[in-house]
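**Student:** sequence below, structure please.
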Amino acid sequence: MDTPQLLIDNPSLYINRELSWIRFNRHVLDEALDSSHPLLERVKFLAIYANNMDEFFMIRVSGLQRQLAKGVLKAPPDGMTPAQQLDAIRHMLDPELKAQDDCWHTALLPKLAEAGIHLHKYDTLTGPQKEAMHRFFIDEVFPVLTPLAFDSSHPFPFISNLSLNLAIIVRDQNNKEFFARVKVPTNLFSRLIRLPEPDGSTRNDDTIVRFVYLEEIIAAHLNTLFPGLETVASFPFRITRDADLEIEVDEASDLLTTVEEIMEQRARGKPVRIEVDSCMREGICHMLEQKLGISASMLYPVGHPVGMADLMQMMSLDRPDLKDSPFLPSLPPDLADDRDIFAAIRRHDILLYQPYDSFSPVVNFIRQAAHDPDVLAIKITLYRVGSNSPIVNALMEARENGKAVAALIELKARFDEENNIGWARALEREGVHVVYGVVGLKVHAKLCMVVRREKDGIRRYMHLGTGNYNATTSRIYTDFGLLTCDREIGEDVANLFNFLTGYARIEQYRKLLVAPVTLRRIILEKIEREVARQKEHGDGYLIFKMNALVDPVCIAALYTASQAGVKIDLQVRGICCLRPGIPGFSETIRVTAIVGRFLEHARIYYFRNGGDEEVFLGSADLMPRNLDRRVEILFPVQDLPTRKAIISLILPAQLGDNVKSRLMQADGTYVRITPAPDEQPMNAQTWLVENRGIWYDTRS
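**Tutor:** Below you'll find the model as predicted:
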């Protein structure tokens with residue numbers, strides 16, 4: 001599509017992606033503040049907010065700091081330089097972190113206490129409780145602690161990424177003060193240590209639980225670590241390091257070994273943030289800044305506790321009354337009672353929508369293939385697999401049964417490298433053909449192909465998805481999967497695997513949209529087709545649901561479509577760099593975002609096309625990295641009842657949400673959508689839980 005360069009080069013039409021991400025993460029914090037959620041679910045959202053912030057600093061902020069250090073002047077489409085972005089990030093985060101602290105201390109801690117979950121300060125413990133914690137410290141914690149002094153004969157200790165530490169001031173008999181550091185071993189012990197009852201007795205259930213922070217136990221026993229010295233003060237702190245370490249694939253003779261080495265380097269990347277207890281002495285803050293080589297702007301005073309991501313440990317409590325009500329995912333009628341999955345797929349395509357649908361058909365698809373004597377081969381891409389993967393176990397079973405099995409495991413899946421390396425080695429030991437990726441590209445496409453010999457010849461069966469082959473995340477991420485044996489899609493998938501595992505270069509596909517080859521071009525052509533339809537008939541309509549919208553060329557194309565009058569609904573869960581509602585540019589564009597019980601992860605691209613409606617699902621967001629530097633696919637939903645279910649049931653539910661949906665404003669801020677006085681509340685995720693499986697009814 002020939003998008004006007006004026007639109008691409010106009011910074012006022014774009015929102016900075018980093019600031020947009022901060023607003024998305026604020027939606028997560030808002031869920032922690034939302035009293036309609038069960039209490040422990042609110043704690044979970046607070047922990048997710050903190051974990052998201054850790055990754056933001058490790059990847060995005062570190063990247064900006066590297067650009068600043070290298071003198072990079074090239075600005076993103078919004079025109080902000082790296083220095084301006086870092087200043088804006090700090091300006092936005094100061095009140096956000098205050099809100100996080102207030103959420104914990106004002107909104108959640110009192111409610112937890114009312115529910116029987118108590119977090120105690122060490123100095124408030126009873127004698128029997130202190131005695132129990134003393135025994136725990138002496139018997140278990142003390143042997144693994146290593147106090148590290150800092151003076152003329154002791155160099156400043158290395159402090160690893162995201163480790164929790166105590167900065168300690170001790171004083172000798174001559175009244176001279178020294179600095180020391182103790183690492184809190186949260187890798188060996190839970191951050192929240194369970195206490196006995198005030199009288200020293202124990203409980204066998206979680207109706208009433210009492211915790212104390214591990215670092216407070218250590219702080220109370222510093223005299224044991226520094227005998228003969230007086231402990232003056234101790235303060236928790238935490239360092240975030242640059243974890244965005246690029247892998248030079250062209251120079252790596254052994255990619256697997258190279259990734260392992262990179263993982264070791266990640267813990268030693270340059271510091272990008274220090275979180276310190278807000279009560280920490282100013283002198284210690286200055287000393288940390290000096291020794292770690294950071295500026296004062298990289299130091300963040302925060303409330304207690306430092307490192308709120310660890311609060312996720314509370315979700316292990318057996319308190320169903322404080323968690324979301326569980327539900328039984330639905331199962332397509334064609335797959336009930338252990339029916340032949342291949343016969344079901346031959347009858348018609350099967351749509352799965354997790355977590356409302358069970359993930360078990362995906363596992364069974366591969367497991368049946370592993371044991372079916374007519375199956376010859378299985379090929380799959382694996383991005384984020386998870387631990388104890390039933391998918392990988394089924395692939396191993398297939399190899400044991402003599403099937404040809406090929407697995408492309410993306411070793412460069414950030415923060416999942418260790419899992420993926422382990423599975424790659426395990427699969428190789430079983431004789432699976434393991435491929436680690438494609439030079440210069442990250443493989444993000446989600447697809448599996450089963451090759452089966454049948455009476456009328458060889459037939460290919462495919463599972464194509466928007467999410468990972470991960471049984472754990474399938475219960476909390478919303479994702480589509482399509483089971484099909486369409487011949488042309490099968491040929492496309494076979495060609496794509498030949499590209500991934502060999503040297504084939506395919507420039508054109510029959511039905512799949514494949515990045516970086518055809519995806520952007522075809523999306524732009526379809527947007528342009530909608531513009532032409534709007535000019536001739538006035539009925540142009542686009543609905544895009546995705547995780548992020550960043551690509552300036554695609555954004556400019558959407559602006560052009562809006563200027564022509566095309567109605568555009570965008571549902572962007574995370575980053576959105578497009579500005580909706582700008583007179584003359586985006587008046588017909590509406591942008592919403594849903595953050596709720598489940599992580600909205602599915603991508604849907606809908607084109608009205610004059611009534612001959614098209615729907616594409618897949619793994620790709622409209623971001624430069626997805627369109628240019630990753631192998632991605634979008635696949636068409638061809639089966640009419642399945643397409644009807646998405647268009648008439650699922651999309652209206654998503655777009656009609658007035659409970660968990662936010663409406664984006666032209667300045668990048670959001671307002672919460674609420675029901676009108678004469679309107680019923682509509683929580684899309686709740687509706688989909690209550691009506692799960694309704695999309696099968698469109699076939700009757």
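
**Student:** what are the buried residues along the strand ranked longest in the chain?
**Tutor:** Longest strand in the chain, counting residues (DSSP state E): strand 230-241. For strand 230-241, the buried set under the neighbour-count rule, 16 or more other C-beta atoms under 10 Å, comprises 231, 233, 234, 235, 236, 237, 238, 239, 240, 241. (Each C-beta comes from the backbone N, C-alpha and C, glycine too.)

**Student:** so which elements touch that strand?
**Tutor:** strand 164-171, helix 222-225, strand 271-277, helix 282-292 (3 or more C-beta pairs under 8 Å, 6 or more residues apart in numbering; DSSP states H and E).

**Student:** one more time with 6 Å
**Tutor:** Packed against strand 230-241, as judged by 3 or more C-beta pairs under 6 Å, 6 or more residues apart in numbering; DSSP states H and E, are the following elements: strand 164-171, strand 271-277.

**Student:** the longest one: partners in the sheet, and parallel or antiparallel?
**Tutor:** If you go by DSSP bridges, strand 164-171 pairs up with strand 177-184 (antiparallel), strand 230-241 (antiparallel).

**Student:** give me the buried positions along that strand.
**Tutor:** For strand 164-171, the neighbour count (16+ other C-beta under 10 Å) marks 164, 165, 166, 167, 168, 169, 170 as buried.

**Student:** just the angle for the longest helix along the chain relative to strand 271-277, thanks.
**Tutor:** With DSSP state H applied, the helix covering the greatest number of residues in the chain is identified as helix 82-102. Angle between the axes of helix 82-102 and strand 271-277 is 30 degrees (criterion: axes from the mean of the first three to the mean of the last three C-alpha atoms, to 10 degrees).

**Student:** wait, what's in contact with the closest residue in space to residue 220 that isn't next to it in sequence?
**Tutor:** In space, and not counting its chain neighbours, residue 220 is closest to residue 122: 4.9 Å by C-beta to C-beta, 6 or more residues apart in numbering. Taking C-beta atoms under 6 Å, 6 or more residues apart in numbering as the contact definition, residue 122 lies against 212, 216, 220.

**Student:** on that earlier part again, could you export the longest strand of the chain as CSV, CA atoms only?
**Tutor:** Included here for strand 230-241 are C-alpha records, laid out as CSV according to Å, rounded to 0.1, in the frame of the first residue of the first chain:
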residue,chain,number,x,y,z
GLU,A,230,27.7,-3.3,66.5
THR,A,231,25.1,-3.3,63.8
VAL,A,232,24.2,0.3,63.2
ALA,A,233,21.6,-0.2,60.4
SER,A,234,20.6,-2.4,57.5
PHE,A,235,18.5,-1.6,54.5
PRO,A,236,17.2,-3.9,51.7
PHE,A,237,18.1,-3.1,48.1
ARG,A,238,17.9,-4.7,44.8
ILE,A,239,19.8,-4.2,41.5
THR,A,240,18.3,-4.7,38.0
ARG,A,241,20.8,-5.3,35.2
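
**Student:** now do it and helix 282-292, the angle between them.
**Tutor:** Here the directions of strand 230-241 and helix 282-292 differ by 40 degrees (the same axes, to 10 degrees).

**Student:** any idea of the mean pLDDT in strand 230-241?
**Tutor:** Over the span of strand 230-241, the pLDDT mean works out to 93.

**Student:** ok, and what's touching that strand?
**Tutor:** Outside of strand 230-241, the residues within contact range by C-beta under 6 Å, 6+ apart are 57-58, 159, 161, 164-171, 215, 219, 222, 269, 271-277, 280, 306-307.

**Student:** re earlier: greatest separation within the buried residues of strand 230-241: which pair is it?
**Tutor:** Using C-beta to C-beta, the two most remote members of the buried residues of strand 230-241 are 231 and 241, lying 28.2 Å apart.

**Student:** SS state for residue 587?
**Tutor:** For residue 587, the assignment made with DSSP: H, G, I helix; E, B strand; the rest coil gives coil.
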